[in-house]
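Novice: Compute the structure for the input listed below.
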Amino acid sequence: MKKVNSFLECLDNFLNIYIIEIKGLSQNTQKAYKYAFKLLFDFLYKEKKIKSDKVTFEILDYNLLTEFLEWLEKERKCSPKTRNQRLAAISSFSEYASIRFIDATTTFRKAILNIPFKKTTEKQYSYFLKEELKILFNEPDIKTKIGMRNKAILTFMYASGARAQEVCDLKVCDINFDKDKTRIILHGKGKKTRSITIPRIPAQILKEYIDTFMPNGDAESYVFSSQTHKHMTVSCIEEIYKKYISSAKQKGTTTLFCDKYSPHSMRHTTATHMVEAGVPLLIIKNFLGHSSIATTQIYASVSQKTMDNTLIEWNEKWLTKSKESNRYKSNIPDFLK
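Specialist: I've put the predicted structure just below:
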């Protein structure tokens, strides 16, 4: 009878049962986890001549895992952020395995805990991934007043690209709900104002919040208030972001929310997504209230980096030379194919 490899059996259960049925991770995150381990097996076979059925918890020590991460950056041209995502996937598995195989996983778990995530200094502007936005927008409990307010703030900030202070200064009289479009007057830096429109769904969320909790509100009333102040502060909005990002991380989405985010990250997100959607820079400049087009062009640079990294991963995955692909294909465990 063939001896069962406890490492492979544990990994199979982790990838095909635990993260799907217990953790409920999204399909994109599931694919990212599986791809991280495909790369690990690829590294072990190419660089160390270790076949997948010979991989054990004991051999995955600090030195070997560090070599693997260096290999990702040097040979696979992974960015620090991508490298961190691969590490996060393996770290999540090490935590899962350490509960089930306490003695066998000591070396593996200890190694993971001693490997730090790299600072992603190459990107000055942190912005949310689209998958992160979906999670973030679903965090507030809209059955409560605070939850409905917070969801309105989050979706409005993405739809408008507004600065945190502009959100705090928004008054009822600054909003014009119309059948076809909702127009907003934002009061920006240097007492400059700009007029923008926001999409239907975030407009509906905003209107529902105002109609429910401010049905007879004075036109000069601030739209968003805190529990202690009628005029919300930026620090209050910062706490809202901190709260929901923290709760999202605790749900096991370890490959997401890796950057340090602030309310201004949502503005960066709006700008980046507009660039990726092909919106002309001049329109983005006016929409965001930038005083110079040079500021707007920074987002085009960030977006280009995102595109480049995506293309590199796509090339790695699908355009590998057929000889190399066939040579190492047999080393990948069946549950990862």
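Novice: wait, residue 153 sits on residue 240?
Specialist: Yes - the pair formed by residue 153 and residue 240 meets the contact definition of C-beta atoms under 8 Å, at 6.4 Å. C-beta here means a position set from N, CA and C on the backbone, and glycine is covered the same way.
Novice: Those two: which has the busier surroundings?
Specialist: More crowded of residue 153 and residue 240, by other C-beta atoms under 10 Å: residue 153, with 28 against 23.
Novice: So for that one, what's the pLDDT?
Specialist: We have a pLDDT of 97 for residue 153.
Novice: Now do it against residue 216, distance only.
Specialist: 22 Å (C-beta to C-beta, to the nearest Å).
Novice: Tell me how many other residues surround the closest residue to residue 292 other than its chain neighbours.
Specialist: For residue 292, ignoring the flanking residues on the chain, the nearest one in space by C-beta to C-beta, 6 or more residues apart in numbering is residue 285 at 7.9 Å. Neighbour count for residue 285, taken as other C-beta under 10 Å: 18.
Novice: give me every residue that touches residue 285.
Specialist: The contact partners of residue 285, by C-beta atoms under 8 Å, 6 or more residues apart in numbering, come to 292-293, 295-296.
Novice: Got a PyMOL select line for the buried ones in those?
Specialist: In PyMOL, a selection of the buried entries from these looks like this (16 or more other C-beta atoms under 10 Å):
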select buried, resi 296
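Novice: Save the contacts of residue 285 as a markdown table, and put in pLDDT and distance to residue 187 too.
Specialist: Below are those laid out as a markdown table (pLDDT from 0 to 100; distance: C-beta to C-beta, whole Å):
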| residue | pLDDT | distance to residue 187 |
| --- | --- | --- |
| 292 | 85 | 20 |
| 293 | 86 | 22 |
| 295 | 81 | 19 |
| 296 | 84 | 20 |
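Novice: which one of the contacts of residue 285 sits closest to residue 18?
Specialist: Each of these was checked against residue 18 using C-beta to C-beta; the closest is residue 296, at 43.7 Å.
Novice: residue boundaries of the helices in this protein?
Specialist: Along the chain, counting by DSSP state H, helices occupy 6-13, 27-48, 62-74, 80-100, 106-113, 130-137, 145-160, 164-168, 200-213, 234-249, 263-276, 281-288, 293-318, 322-329.
Novice: and the fifth one, what does it pack onto?
Specialist: On a contact count with 3 or more C-beta pairs under 8 Å, 6 or more residues apart in numbering; DSSP states H and E, helix 106-113 meets helix 62-74, helix 80-100.
Novice: Around residue 131, how many other residues sit close by?
Specialist: As a burial measure, residue 131 scores 16 neighbours (other C-beta under 10 Å).
Novice: Need the per-residue pLDDT for it.
Specialist: pLDDT, read off for residue 131, is 85.
Novice: got it, and residue 167?
Specialist: As predicted, residue 167 sits at a pLDDT of 96.
Novice: For residue 156, see how far away it is.
Specialist: Plainly put, residue 167 is 7 Å away from residue 156 if you go by C-beta to C-beta.
Novice: same deal with residue 169?
Specialist: 13 Å.
Novice: Name the residue in these two with the higher neighbour count.
Specialist: Set residue 169 next to residue 156 and count neighbours by other C-beta under 10 Å: residue 156 wins out with 24 against 18.
Novice: Got the confidence number for the closest residue to residue 112 other than its chain neighbours?
Specialist: Nearest non-adjacent residue to residue 112, counting by C-beta to C-beta, 6+ apart: residue 94, 4.4 Å away. Here the pLDDT value assigned to residue 94 is 94.
Novice: Kindly report the same for the one 4 residues further on.
Specialist: Each residue has a pLDDT score; the one for residue 98 is 92.
Novice: That one and residue 111 touch, don't they?
Specialist: No - Residue 98 is beyond contact range of residue 111, at 11.4 Å (criterion: C-beta under 8 Å).
Novice: for the stretch 1-150 of the chain, which spans come out with low pLDDT?
Specialist: For the stretch 1-150 of the chain, the stretches flagged by pLDDT under 70 are 1-5, 26, 120-124.
Novice: What is the neighbour count of the residue nearest to residue 112?
Specialist: Around residue 94 there are 20 residues (other C-beta under 10 Å).
Novice: cool, and the one 10 residues further on?
Specialist: Here the number of neighbours of residue 104 (other C-beta under 10 Å) works out to 17.
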